[in-house]
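Colleague: Requesting a structural model of the entry that follows:
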Amino acid sequence: MLNYSIMKSEGILVLSPSAPLSKDDFVGLSADVDAYLSEHPRLQGVMVHAKGFPGWESFAGFTAHMHFVREHHKQVERIAVVTDSPLAGMAELLGKHFTSAEVRHFAFADDAKALEWLLAA
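Modeller: The predicted structure is shown next:
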């Protein structure tokens, strides 16, 4: 399950996965992000805030995730990966190859620092 919100005045998308990601998680997310981007040139940042990475429910969930990234990565300035997961380093490295956004890792408890960094872009 993917909980999310868009801090509209700041242009920050906050993603909080709490269970394996499904294809349906990205349907609503894509619609809301597309609606925001129809009125704004870009997202200032994206914060992925999760104690650990829950993975994907199925291959369809994985492909929906990759499709979302492909369709939106050019409209994101910065990505903060806020987690204690050992996969954070890999996510940061992969992010640099699949997106033009600046990607930075923060410890799970440092969400305020991550938000500050996103807003400073």
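
Colleague: which residue lies farthest from the center of this protein?
Modeller: In the chain, the residue that sits farthest from the middle, by Cα atoms, centre = their mean, is E39; the gap is 19.5 Å.

Colleague: Provide a list of residues in contact with it.
Modeller: With Cβ atoms under 8 Å, 6 or more residues apart in numbering as the criterion, no residue contacts E39. Using the backbone N, CA and C atoms, a C-beta is placed for each residue, glycine as well.

Colleague: per-residue pLDDT, it?
Modeller: Predicted confidence (pLDDT) for E39: 96.

Colleague: now swap in L93 and tell me
Modeller: For L93, the predicted pLDDT is 59.

Colleague: next one: M90
Modeller: 61.

Colleague: Check H105 too.
Modeller: 90.

Colleague: who does it bridge with?
Modeller: V81 (DSSP bridges).

Colleague: helices and strands of this structure: which one has the lowest mean pLDDT?
Modeller: In the chain, no helix or strand scores lower on mean pLDDT, DSSP states H and E than helix 88-98, which sits at a mean of 60.

Colleague: How many neighbouring residues does A121 have?
Modeller: Per other Cβ atoms under 10 Å, the neighbour tally for A121 reads 15.
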